[in-house]
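**Student:** test case, fold it:
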Amino acid sequence: MDTAQASLWVVVMLVALALAFDFMNGFHDAANSIATVVSTGVLKPTTAVVFAAFFNLLAIFIFHLSVAATIGKGIVQPGVVDIHVVFGALVGASTWNLVTWYYGIPSSSSHALIGGIVGAVIAKAGAGSLIAAGIWKTVLFIFVSPLLGFLLGSLMVVLVSWIFRRATPSRVDSWFRRLQLVSAGAYSLGHGGNDAQKTIGIIWLLLIATGYVSTADKLPPTWVIISCYMAIAAGTMFGGWRIVKTMGQKITKLKPVGGFCAETGGAMTLFLATALGIPVSTTHTITGAIVGVGSTQRASAVRWGVAGNIVWAWIFTIPASAFVAAIAYWVSLQVF
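**Tutor:** Coordinates of the predicted model:
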């Protein structure tokens, strides 16, 4: 086999690995989209995952590829990325996803991927090869997205409580069992729109690095866009039930009205971040919104110990995935 053929097969393998990560992203983050709607009893689990997957896929027609552009061109200096960096990044991100899924910890697939890219690039060329503006924007939203989700979720509770202040509890429950379908659909739309684009970005980065796509191209190939959205939707359909239990039951108990407020606050945060081209964590966002909703009832309604464990997972995501990615980068040098 000549060098060109070998290079092509390595690229094909890495694209397949990226799509596997995208599937795992949907699988891992299914809880973000469906935990509230399942825990409130509005939808059965099997119906909920199909519902969420449909809206994940629908996002392809709605959102501009701003997040993909950030991943593809806004994090690493041109010319630094090669097949070894991409391999290291994907292995680092996938490993962290598997560990956190196994232990039922809602962590960020998005930040695992960013951490993977950072670790592999530093292993190859040092921190100077990173684009500081893109990195800091992403790191900033580790804190901004859950806080914004918390704020908007809380405000939604206050607004809904005022609007329905004269309604009976049974009437409110009946209304929001229907309205939660709207909010769950909106959140799943935001999840697909932000998260699928991260894998689009890493494949775009790979194709640019290997010369299959020009840096002058404003958009990645259509097949990349379609395959990434389909992969995350398929992953969502399989669901990550360990994390659903943590998100939907362990942090706080939710009724349909609370689920609606959390999903709506989270969806607004995701729509804003995607419009700005910022890769955010859907996990961080919905967790912040759920805590915000729970805290409006009373502080004791939130299991702060569980929430604290989740925050520790957030803190370790980027360094842990970066560490594994750096090791995977060095291993790949011996293999490819």
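**Student:** now the helices for the stretch 201-336 of the chain?
**Tutor:** Using DSSP state H, counting those that start in this stretch, the helices of the stretch 201-336 of the chain run over 222-238, 241-245, 256-275, 282-297, 304-335.
**Student:** can I get those in CSV with mean neighbour count and mean pLDDT?
**Tutor:** (C-beta placed from N, C-alpha, C; glycine too.) Converted to CSV, those look like this (neighbours: other CB atoms under 10 Å; pLDDT from 0 to 100):
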stretch, mean neighbour count, mean pLDDT
helix 222-238, 21, 91
helix 241-245, 19, 50
helix 256-275, 26, 90
helix 282-297, 28, 80
helix 304-335, 18, 81
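**Student:** wait, which of the ones you listed is closest to G116?
**Tutor:** Of all the helices of the stretch 201-336 of the chain, helix 304-335 sits nearest to G116, with 4.1 Å by CB to CB.
**Student:** just how off-centre is that closest one within its chain?
**Tutor:** Centre-to-centre, helix 304-335 and its host chain are 15 Å apart (CA atoms, centre = their mean, to the nearest Å).
**Student:** which strands and helices sit next to it?
**Tutor:** helix 83-102, helix 109-125, helix 282-297 (3 or more CB pairs under 8 Å, 6 or more residues apart in numbering; DSSP states H and E).
**Student:** who are the packing partners of the first one?
**Tutor:** Okay, so that is helix 83-102. helix 3-39, helix 109-125, helix 169-209, helix 241-245, helix 304-335.
**Student:** return the most buried member of those helices.
**Tutor:** helix 109-125 (a mean of 27; mean count of other CB atoms under 10 Å).
**Student:** that helix vs helix 282-297, what angle?
**Tutor:** Computed by axes from the mean of the first three to the mean of the last three CA atoms, to 10 degrees, the angle separating helix 109-125 from helix 282-297 equals 140 degrees.
**Student:** tell me the angle helix 109-125 makes with helix 169-209.
**Tutor:** Helix 109-125 and helix 169-209 meet at an angle of 20 degrees, taking the same axes, to 10 degrees as the criterion.
**Student:** next SSE after helix 109-125?
**Tutor:** As assigned by DSSP states H and E, the chain's next helix or strand after helix 109-125 is helix 132-163.
**Student:** just the buried residues of that following helix, please?
**Tutor:** 134-135, 137-138, 141-142, 144-150, 152-157, 160 (16 or more other CB atoms under 10 Å).
**Student:** same question for it, mean pLDDT?
**Tutor:** pLDDT averaged over helix 132-163 equals 89, rounded to a whole number.
**Student:** elements contacting it?
**Tutor:** Using 3+ CB pairs under 8 Å, 6+ apart, helix 132-163 sits against helix 66-73, helix 109-125, helix 256-275, helix 282-297.
**Student:** 7 Å instead, please
**Tutor:** Judged by 3 or more CB pairs under 7 Å, 6 or more residues apart in numbering; DSSP states H and E, helix 132-163 is in contact with helix 109-125, helix 256-275, helix 282-297.
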